[in-house]
Structure formats: structure tokens, C-alpha cells
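**Student:** Structure of the sequence below:
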Amino acid sequence: MRITTKGRYAVRAMTQLAKVTDEKPLSIRKISELEDISPEFLEQIFFRLRKKDIITSVRGPGGGFKLNRKPEDISIAELFDAVEEGLYLTPCITGADTSCKRSSDCIVEALWNNSYLHFRHYFEMTSLQDVLDGTFQKPLAKK
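**Tutor:** Take a look at the predicted model:
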């Protein structure tokens, strides 16, 4: 699985918005400075996040962006989905790869699907608040 720059930057930018506790909006310029992300790229990301109603924009002096919900109510999977970040391990499980001649009798397709479901579940269960708190960092138990 590969998370693209768009997905990583969305999570980083949203953690900055989640840190703001006084309901004051944060500008793209400020987030850009804090996270060293191009403001133009952030605009593209925020357009998608706003379209999915995760954030809202505030116009005028002192305007910017703020979360529409509490950080604990926003999952990392939701952020990836909003910016159209695919979390698939292989093209064959997205349903988009019709060129594989083995798809009808592939014995490893279930392995890729189950791996995807584990990753997906992890990101669905991890909230923006978990990232802020660092509670997601607990290592997985080894057998």
C-alpha cells in the first residue's frame, strides 16, 4: 500500500486545524508555513475536504478554515476518501484492473483483499484526535 503525497498532506493539514481549540479559523497560508506544504496544493486538498463537509471556510479578515466536527469524529480513512486517496495494495482488488487474465481463478486475490480490509479498518478506527494524542502509536502484538 502506498499513501500518496495528497493523502499525507491532508492528514498533516487537518491535524493543524484540529489543534485550534478556540474556534478561530486557520488560513491556508498559516498551515502552509507550519507544515511546509505548497499553498496551491493545500487549496486543492481543502477544496475536496470542504466538498465532503469535513471543513468549512470562513471569509473575510481573520478568515480561513475550521473543522465541521470534533477531531474524534473524523477518521483518517474519511480524510483519505475525501481527497480520493486509494488505499489499495494491488490494482486487481480495486475492480479497475480488467487486464488480469488470472482474475477468475486467482488464489491470492483473497490475500490482497484481506490485507486491504485490515489497513482500511485501521484507518477507519483511527481518528484525527488519536493522531493528536499519539494513541495510535501502540505497537501491534507479535505472535
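
**Student:** need the helix or strand of the chain with the lowest average pLDDT.
**Tutor:** Taking mean pLDDT, DSSP states H and E as the measure, helix 109-125 is the helix or strand of the chain with the lowest mean score, a mean of 86.

**Student:** Roughly how far does residue 46 sit from residue 104?
**Tutor:** According to Cβ to Cβ, to the nearest Å, residue 46 and residue 104 sit 42 Å apart. All C-beta spots, glycine's among them, are computed from the backbone N, C-alpha and C.

**Student:** Please say which of the two ends up with more neighbours.
**Tutor:** residue 46 (23 against 7; other Cβ atoms under 10 Å).

**Student:** pretty sure the more buried one contacts residue 64?
**Tutor:** No. Judged on Cβ atoms under 8 Å, residue 46 makes no contact with residue 64 at a distance of 9.8 Å.

**Student:** hey, what's in contact with both of the two?
**Tutor:** Jointly contacting residue 46 and residue 64 under the rule Cβ atoms under 8 Å, 6 or more residues apart in numbering are 28, 57.

**Student:** Point me to the helix or strand that includes the residue of the chain positioned farthest from its centre.
**Tutor:** Distance from the C-alpha centroid of the chain, by Cα atoms, centre = their mean, peaks at residue 105 (33.3 Å). For residue 105, there is no host helix or strand (DSSP states H and E).

**Student:** Which pLDDT value belongs to it?
**Tutor:** Residue 105 is assigned 79 on the pLDDT scale.
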